[in-house]
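Enquirer: Give me the fold of what follows.
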Amino acid sequence: MMYSIYNTTDWPLHEISKYATELTQAMVKFTERFPDDVSLEEMAIDIANGRHQLWLILDEKKIFKAFLTTEITITTTGKKRVTLCQLAGEGGAEIAQLINSIEAWAKSIGADEICPIGRLGWRKELAKYGYQPTITKYRKEL
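Expert: Below is the predicted model:
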């Protein structure tokens, strides 16, 4: 199956609303999986205020498959970084190839690096595109 990714930053609300039900379901699923890290309200606010960019992943029939959010920051050394924050939906490893589109966009805005945040399971797939982990976050419930 062929997938395409779309940065919705400049989309009118009525275009995004076509995918509202599926997008909300994917966001809820994501927040249920990581309830200590993100909330639906937080994601919505970050997108609405422009802190995060919302990307939609659609199949060749323009059917919603997944979403991704990105955040643009400046590091302490002055590098412009695009962080891939949340990703949820369908498509699994097949959607990894879409990182090329995100890289092209990041270059177009003058970004110096891309920093995906994700499950350990993405390590192997992202390595195919030149990404290597630089930090691992450990957690222990007390």
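
Enquirer: tell me the contacts of Gly118?
Expert: Counting by CB atoms under 8 Å, 6 or more residues apart in numbering, Gly118 touches 84, 87, 126. All C-beta spots, glycine's among them, are computed from the backbone N, C-alpha and C.

Enquirer: now with 10 Å?
Expert: Residues in contact with Gly118, defined by CB atoms under 10 Å, 6 or more residues apart in numbering, are 84-87, 125-126, 131, 133.

Enquirer: before we move on, what about His52?
Expert: When contacts are taken as CB under 10 Å, 6+ apart, His52 is in contact with 9, 42-46, 68-72, 83, 85-86.

Enquirer: hmm, 8 Å instead?
Expert: 43, 46, 69-71, 85.

Enquirer: now swap in Gln53 and tell me
Expert: Residues in contact with Gln53, defined by CB under 8 Å, 6+ apart, are 7-9, 47, 69-72.

Enquirer: Selection in ChimeraX covering whichever of those residues are buried, please.
Expert: Here is the ChimeraX command that selects only those of those that count as buried (16 or more other CB atoms under 10 Å):
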select :8,47,69,70,71,72
